[in-house]
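Participant: Fold the following.
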Amino acid sequence: MSLSKRVSQKSEAVKSKGPKRNPEIDAKIDHYIKQHPERIAYLKTETKDQLIRRSVLRDAIKYDANTTQKVKENEAINAFLKENPEIAQSIENKIANVPDDKKQQARLNLGRKEATKTALKM
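Facilitator: Numbering: from 1, shown residues only. Reported below is the predicted structural model:
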């Protein structure tokens, strides 16, 4: 697809009040519909509420997975900082002037960077 065509589609999407449409994604959806007519027939029998609940369930599962991953990462970073007190002290010095409500996130961000650097040196 040419750049000018994409730009014109983008400007049309901005002007329209409805949901944005992506032609590439629409093409994938259309291809899936053609390849799986039984599945589409089944989905058409479901009510709007059932379809919405299924979509929300997918979002909830994705959210839970992301939250679980973040908790594991944070635990690993905290363990790394306990094993490397000199790095932890360096980080504490760097975030001394950070507001208290943002210190934990700053500590995790810097700890993640230091853990990555340390792992790459090994």
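
Participant: residues making contact with the strand or helix carrying Gln104?
Facilitator: Assessed by DSSP states H and E, Gln104 sits inside helix 100-121. Residues outside helix 100-121 that contact it (Cβ atoms under 8 Å, 6 or more residues apart in numbering): 73-74, 76-78, 80-81, 84, 87-88, 90-92, 94-95, 98. For glycine as for every other residue, the C-beta is placed from the backbone atoms N, C-alpha and C.

Participant: Tell me what angle the helix or strand hosting Ala60 forms with helix 100-121.
Facilitator: Here Ala60 sits within helix 48-83, counting by DSSP H and E. Angle, helix 48-83 to helix 100-121, by axes from the mean of the first three to the mean of the last three Cα atoms, to 10 degrees: 70 degrees.

Participant: What helices and strands are in contact with helix 48-83?
Facilitator: Judged by 3 or more Cβ pairs under 8 Å, 6 or more residues apart in numbering; DSSP states H and E, the packing partners of helix 48-83 are helix 85-94, helix 100-121.

Participant: go again using 10 Å as the cut-off
Facilitator: In terms of contacts (3 or more Cβ pairs under 10 Å, 6 or more residues apart in numbering; DSSP states H and E), helix 48-83 is packed against helix 37-45, helix 85-94, helix 100-121.

Participant: I'd like the distance from the shortest one to the chain centre, please.
Facilitator: This points to helix 37-45. Between the centre of helix 37-45 and the centre of its chain there are 29 Å (Cα atoms, centre = their mean, to the nearest Å).

Participant: Now that helix: average pLDDT?
Facilitator: For helix 37-45, the mean per-residue pLDDT is 95.
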